[in-house]
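Asks: following is a predicted model, sequence given first.
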Amino acid sequence: MKTEEEKFVYDFWMQVWDRQLLTKIPNFIAPNFIIHSAGKDVLGIDAFSKWVANFQSKIGELRFIVHDIFSSEAKVVSRWQITGQNKGFMNTDKNLRPVDLSGITISVVREGKIVEKWVERSAWELYHRLES
């Protein structure tokens with residue numbers, strides 16, 4: 001049985017990432033939200049919404065698959081995969097080659113909102129597949 005936090009994070013993945021419903025972001029993200037990604041921090045709902053939109057614009061026919069989700073205290077860990085077509089991801093040519101990217105995210109859920117995330121992706125490996 002999944003915890004409420006695990007269900008909440010899963011719903012975030014399905015609504016915002018798989019269905020690409022960016023207008024749903026405020027339903028899941030706290031106003032003072034922060035995501036730590038590749039050594040950079042993105043702060044707040046507006047900046048995060050732009051970050052997600054830019055990311056999603058680079059992958060055509062994007063699908064988001066959650067492989068595992070579990071929690072410990074208020075932290076929810078997700079192991080996931082994104083597939084689609086390359087539309088200039090990582091500043092590569094828009095060659096529509098297959099995108100297959102995996103990652104792990106740790107999300108902190110408090111008072112019914114995600115307040116902080118850390119994300120790690122297999123971007124280096126994907127970049128080499130897209131460029132070769």
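Replies: Ah, there it is.
Asks: what sits against the closest residue to residue 113 other than its chain neighbours?
Replies: Closest residue to residue 113 apart from its sequence neighbours, by C-beta to C-beta, 6 or more residues apart in numbering: residue 30 at 3.9 Å. C-beta coordinates here come from the backbone N, C-alpha and C atoms, glycine included. When contacts are counted by C-beta atoms under 8 Å, 6 or more residues apart in numbering, residue 30 touches 110, 111, 113, 114, 115.
Asks: who's in contact with the second one?
Replies: Spelled out, it's residue 111. Here residue 111 is in contact with residue 30 (C-beta under 8 Å, 6+ apart).
Asks: got phi/psi on it?
Replies: Note on residue 111: its backbone torsions stand at phi 50, psi 40 [degrees, to the nearest 10].
Asks: roughly how far apart are it and residue 26?
Replies: Counting by C-beta to C-beta, to the nearest Å, the separation of residue 111 from residue 26 is 14 Å.
Asks: pull out the buried positions in stretch 3-10.
Replies: Neighbour counts over stretch 3-10 (16 or more other C-beta atoms under 10 Å) mark 5, 6, 8, 9 as buried.
Asks: same thing with stretch 100-110?
Replies: By 16+ other C-beta under 10 Å, the buried positions in stretch 100-110 come out as 101, 102, 105, 106, 107, 108, 109.
Asks: ok, which pair from those is furthest apart?
Replies: The span of these, defined through C-beta to C-beta, is set by 101 and 109 at 23.8 Å.
Asks: the protein: helices as residue ranges?
Replies: For the chain, applying DSSP state H gives helices covering 4-12, 25-28, 45-57, 123-131.
Asks: so for this structure, the centremost residue is which one?
Replies: Nearest residue to the geometric centre of the chain (C-alpha atoms, centre = their mean): residue 17, 6.4 Å.
Asks: tell me the contacts of residue 24?
Replies: Residue 24 touches 15, 16, counting by C-beta under 8 Å, 6+ apart.
Asks: measure it to residue 17 for me?
Replies: Going from residue 24 to residue 17 by C-beta to C-beta gives 10 Å.
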